[in-house]
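*Asks:* build the 3D model from these lines:
(chains A and B)
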Amino acid sequence: MKKPNSKIDYTQKVISIKGLTKAFDDFEVLKGVDLDLFRGENLVVLGRSGTGKSVLIKIISGLLRPDKGMVNVLGQEVAHLTPKQLDALRLKIGFSFQNSALYDSMTVKENLEFPLIRHAKEMTARDRDRIIDIVLEAVGLGQTINQMPSELSGGQRKRIGIARTLILKPEIMLYDEPTAGLDPITSQDINQLINEVQRRFNTSSIIITHDLTCAKAVGDRVVMLLDGQFQRQGTFEEVFATDDERVKAFYNYNFTE
Amino acid sequence: MDQSNREKTNVRRRKSFLTKRLDRFFLELYHIYAFVSRFFREVFFPPYEWREIIKQCYEVGVKSLPLISITAFIIGIVFTNQSRPSLAEFGATSWLPALISVAIVRAMGPLVTAIIASGKIGSSIGAELGSMRVTEQIDAMEVSATNPYKFLVVSRVLATTLMIPALTMYTTLVALLGGYLNVHQNELTTLITFFTQVFDAITFLDIIASTVKSVLFGFTIGMVGCYKGYHSSKGTEGVGKAANSSVVTAMFLIFIEELLIMQVINAIRIM
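*Replies:* Model (predicted):
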């Protein structure tokens, strides 16, 4: 599946990362990573499990602190923000978790209402219901509104997770392994949804994945994380046009297994 | 030469092991201090999560009633029954209501409630928060700019701190009723006589001490459950450990608190 053309503004960086380093105990996961995300762009970060892909987006959203380096999001240096400033920035970032992270004790509607009740206090219940209907329709799951997360399939949970992040109209979307654990057809639906979100909500996104079909379907640009650094970047074809055995092994494994 | 080198390496390893253990111990102490003090920083300032607090009060209070009722009633009957022979030896069975009253109001009411609550509520809080940590629901709250500590921890600790004293009063009443039933069956004492003797035997200080204890026990159960769950390590094993260690730690702390408060109350009583 080929990705439709995106409206990318290459003059405007929404995320700029320089020399990012992060270690856990003695193990250095990220070793001086540099990365830019442009407005309207879908950037795919590829890499094997445990190479620090999720750590990267957790640092961007302020869930983890970097050891060294600069992480600038929408013009603000994340590590230097006060808790209040960080919260204000987080409202502009949507984070879709690998396992959806839906609140188990709440229905789909309550999950979607949760951020609205806290961050759009002036909104009436009727307005909230209207917005919930819009985002549920955007992810194609209007009929699940009163269901509990445990009653949903893996793909539905992913979609509701994405809907919950969209409800506050974020400028940036961070997707952590959006197709992990899904069958090929459902994965394709999720890929389409990621492209649809980019087009309809005009978001800039970082998509963390090791699924090359997903990378090809959603990425305007692809970067490959190997040994704690971005070794390759460009279009999907450019990244894999190399003699580097590590990259070739990754490609062969994905398309032959 | 080789042996001396090996010994030196072993000593170094042992030292490093000890240092790491000590580091971890003091770090854990600091984390506990930070976690508890954060509660007092957050509880008095808006936004208040009223809906969640009420929901948790219902979970802690109302849903514990059946278990508490049965346990308290049985304890009342059994305690009375077991105390009778000793008093009967001195022909002092008429003192039974006073004895039951002092034992239940001063110690057994708060302690039994706290033990049942730490098993039922503490483990459930530990498991729930642990599972939320493992499935990244707490992270999801944080990235959506919602304070998970306020929503999850403050509401649960407030609920246990408010509801355990209420449950303690209820436990005390039900246990006394159990005691009355036994006394009435054997000594034909009337309800009014029984409760007159019960209230004659206790003082205002006993009621205050019992309430203070149950407030502290409630706070301990909520705080320990939340701390263990909130800091649960990854994986389902971590959730189980969080639930288990919530109960064990809370019970241990409750007995220590009981011991300390008893000493303080006895000192006040002597003054």
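*Asks:* you'd agree A:S6 is up against A:I194?
*Replies:* No - shown here, A:S6 and A:I194 do not form a contact pair, counting by C-beta atoms under 8 Å, at 11.3 Å. In short, each C-beta sits where N, CA and C put it, glycine included.
*Asks:* how about the residues of chain A near chain B?
*Replies:* Proximity of chain A to chain B (C-beta under 8 Å from any C-beta of the partner chain) is limited to residues A:58, A:61-63, A:87-88, A:90-91, A:93, A:95, A:97-99, A:101-105, A:114-115, A:118-119, A:164-165, A:168.
*Asks:* can you select the buried ones among these for me in ChimeraX?
*Replies:* To isolate the buried subset of the residues of chain A next to chain B in ChimeraX, counting by 16 or more other C-beta atoms under 10 Å in any protein chain shown, use the following:
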select /A:58,61,62,63,87,90,91,93,95,97,98,99,101,102,103,114,115,118,119,164,165,168
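*Asks:* where does chain A dip in pLDDT?
*Replies:* A:1-4, A:253-257 (pLDDT under 70).
*Asks:* what about the longest helix anywhere in chain B and chain A, touching?
*Replies:* Scanning chain B for the helix with the most residues, using DSSP state H, yields helix B:2-42. No - using C-beta under 8 Å from any C-beta, helix B:2-42 never reaches chain A; the gap is at least 11.0 Å.
*Asks:* what is the rounded mean pLDDT of that helix?
*Replies:* Confidence for helix B:2-42, expressed as mean pLDDT, is 85.
*Asks:* what helices or strands is that helix leaning on?
*Replies:* helix B:204-230 (3 or more C-beta pairs under 8 Å, 6 or more residues apart in numbering or on different chains; DSSP states H and E).
*Asks:* can you name the element that comes right after the helix it packs on?
*Replies:* Where DSSP states H and E defines the elements, the next helix or strand beyond helix B:204-230 is helix B:236-270.
*Asks:* residue 207: neighbour count?
*Replies:* Because you didn't say which chain, this covers chain A. If you count neighbours by other C-beta atoms under 10 Å in any protein chain shown, A:I207 ends up with 29.
*Asks:* wrong one, I was asking about chain B
*Replies:* Neighbours of B:I207 under the rule other C-beta under 10 Å: 15.
*Asks:* doesn't A:V71 belong to a helix?
*Replies:* No - when classified by DSSP: H, G, I helix; E, B strand; the rest coil, A:V71 is found to be strand rather than part of a helix.
*Asks:* now the residue nearest to it when sequence neighbours are not counted: how far from B:T113?
*Replies:* Of all residues not flanking A:V71 in the chain, A:V78 sits nearest, at 4.6 Å (C-beta to C-beta, 6 or more residues apart in numbering or on different chains). Distance, A:V78 to B:T113, using C-beta to C-beta, to the nearest Å: 46 Å.
*Asks:* more neighbours: the two, which one.
*Replies:* A side-by-side neighbour count of A:V78 and B:T113, using other C-beta under 10 Å, places B:T113 first with 30 against 23.
*Asks:* quick one, phi/psi of the more buried one?
*Replies:* Backbone torsions for B:T113, taken as degrees, to the nearest 10, come to phi -60, psi -50.
*Asks:* ok, it - contacts?
*Replies:* Residues near B:T113 by C-beta atoms under 8 Å, 6 or more residues apart in numbering or on different chains: B:68, B:72, B:164, B:167-168, B:171, B:214, B:217.
*Asks:* if we use 7 Å, what do you get?
*Replies:* Going by C-beta atoms under 7 Å, 6 or more residues apart in numbering or on different chains, B:T113 touches B:68, B:164, B:167-168, B:171, B:214.
*Asks:* go on, B:V112?
*Replies:* Counting by C-beta under 7 Å, 6+ apart, B:V112 makes contact with B:71-72, B:75, B:171.
*Asks:* helices of the stretch 51-200 of chain A, start to end?
*Replies:* Counting by DSSP state H, counting those that start in this stretch, the stretch 51-200 of chain A has helices at residues A:53-60, A:83-90, A:108-119, A:125-138, A:154-166, A:184-201.
*Asks:* how close does B:I32 sit to A:T203?
*Replies:* Counting by C-beta to C-beta - B:I32 and A:T203 are separated by 41 Å.
*Asks:* okay, the two: which has more neighbours?
*Replies:* More neighbours surround A:T203 than the other of B:I32 and A:T203, with 23 against 14 (other C-beta under 10 Å).
*Asks:* for that one, which non-adjacent residue is spatially closest?
*Replies:* Spatial nearest neighbour of A:T203, excluding adjacent residues (C-beta to C-beta, 6+ apart): A:M173 at 4.7 Å.
*Asks:* neighbours of the one you found, how many?
*Replies:* 23.
*Asks:* try B:F151
*Replies:* Other residues close to B:F151 by other C-beta under 10 Å number 19.
*Asks:* which residues touch it?
*Replies:* B:F151 makes contact with B:49, B:52, B:141, according to C-beta under 7 Å, 6+ apart.
*Asks:* check A:V223 too.
*Replies:* A:35, A:43, A:45, A:230, A:233.
*Asks:* of those, closest to B:T190?
*Replies:* Taking C-beta to C-beta as the measure, B:T190 lies nearest A:V45 of these, at 79.1 Å.
*Asks:* for the one helix or strand that closest one maps to, name the packing helices and strands.
*Replies:* When elements are assigned from DSSP H and E, A:V45 belongs to strand A:42-46. Applying 3 or more C-beta pairs under 7 Å, 6 or more residues apart in numbering or on different chains; DSSP states H and E, one finds that strand A:42-46 makes contact with strand A:204-209, helix A:212-218, strand A:221-226.
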